[in-house]
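Chemist: Based on what follows, work out the 3D shape:
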Amino acid sequence: MPLSYVPILIGLAKSLAKDPKALAEVKLDRTAAAYKTKYGLAEGFHQKLMNK
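Modeler: Next comes the predicted model:
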């Protein structure tokens, strides 16, 4: 998943969250975002896309 999707994913998380005040403080630098996207989110998104 390209690094350019990270801001979109954070925006999605903010819009879906029940506590937007807490998520407003979410900040990811480039390295953390790349790591979390590749190892934390990519597999789940891939599975959801493949199930559709």
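Chemist: pLDDT score for the spatially most central residue of the chain?
Modeler: Central residue of the chain (Cα atoms, centre = their mean): Leu9, 3.8 Å from the mean position. If you check Leu9, the pLDDT there is 80.
Chemist: List the contacts of it.
Modeler: Each residue near Leu9 by Cβ atoms under 8 Å, 6 or more residues apart in numbering is listed here: 37, 41. For every residue, glycine as well, the C-beta is placed using N, CA and C.
Chemist: That one: which element?
Modeler: Leu9 belongs to helix 6-16 when assigned by DSSP states H and E.
Chemist: before we move on, what about Glu43?
Modeler: Counting by DSSP H and E, Glu43 is found in helix 42-51.
Chemist: Return the distance of that helix from the chain's centre.
Modeler: Helix 42-51 has its C-alpha centroid displaced from the chain centroid by 13 Å (Cα atoms, centre = their mean, to the nearest Å).
Chemist: try stretch 8-19
Modeler: 9 Å.
Chemist: quick one: buried residues of that stretch?
Modeler: If you call a residue buried by 16 or more other Cβ atoms under 10 Å, then stretch 8-19 has these buried ones: Leu9.
Chemist: Dump it to CSV, restricted to CA.
Modeler: What follows is stretch 8-19, C-alpha atoms only, in CSV (Å, rounded to 0.1, in the frame of the first residue of the first chain):
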residue,chain,number,x,y,z
ILE,A,8,-6.6,9.2,3.8
LEU,A,9,-6.7,6.3,6.3
ILE,A,10,-6.2,8.7,9.2
GLY,A,11,-9.1,10.9,7.9
LEU,A,12,-11.3,7.8,7.6
ALA,A,13,-10.4,6.7,11.2
LYS,A,14,-11.2,10.2,12.5
SER,A,15,-14.6,10.3,10.7
LEU,A,16,-15.6,6.8,12.0
ALA,A,17,-14.4,7.2,15.5
LYS,A,18,-16.7,7.8,18.4
ASP,A,19,-14.2,9.9,20.2
